[in-house]
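J.: need a structure here:
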Amino acid sequence: MQRTPVNPWDWSLKLGYNQAEIIDGPSRQLICAGQTAVDGEGNPQHPGDMRGQIALALDNLEVVLASADMGLSNIIRLGVFATDVDEALKNLDLLGMRFGPVQCAPPMTLLGVTRLAIPGLLFEIEATAAA
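T.: Coordinates of the predicted model:
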């Protein structure tokens, strides 16, 4: 799979994502449901802790990817939902810590929402991956 960044402006690079990417040659795609801060039984974890919830949501996303023989470097699009955008932005360095080492900066959208599906959840991340 060949990835070609498209960045008519460079401001998004400072935030860790490309404006767009041209993806050539993938043979498989994986569409991931939103991953949140829940344990293996679906129970919410880290109540009131945005940073803890982001970390666990990313852990859960990596488990889903690994189950499809993929990793973070295969992600071609992210959708992020947060009940408090300002608090999420303070903690998005966690995404950089995960995506930076695999040199991946997928296009991303961050949306503020009133609430998520399970009460108490603050953060959800969905992904599309290709290999």
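J.: so where's the chain uncertain?
T.: Across the chain, the ranges flagged by pLDDT under 70 are 26.
J.: At which residues are the helices of it located?
T.: 11-14, 50-67, 85-90, 93-99 (DSSP state H).
J.: Show me which of these has the highest average neighbour count.
T.: Burial of the helices of the chain is given as mean neighbour count (mean count of other CB atoms under 10 Å); helix 50-67 ranks first at a mean of 18. No exception for glycine: its C-beta is placed from N, CA and C like everyone else's.
J.: got a list of contacts for that one?
T.: 30, 32, 35-38, 45-46, 71-72, 74-75, 82, 84, 87-88, 90-92, 94-95, 98, 121-125, 127, 129 (CB atoms under 8 Å, 6 or more residues apart in numbering).
J.: Buried ones only from those residues, please, as a PyMOL command.
T.: Buried subset of those, written as a PyMOL selection, criterion 16 or more other CB atoms under 10 Å:
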select buried, resi 30+32+35+36+37+38+45+46+72+74+75+82+87+88+91+92+94+95+98+121+122+123+124+125+127+129
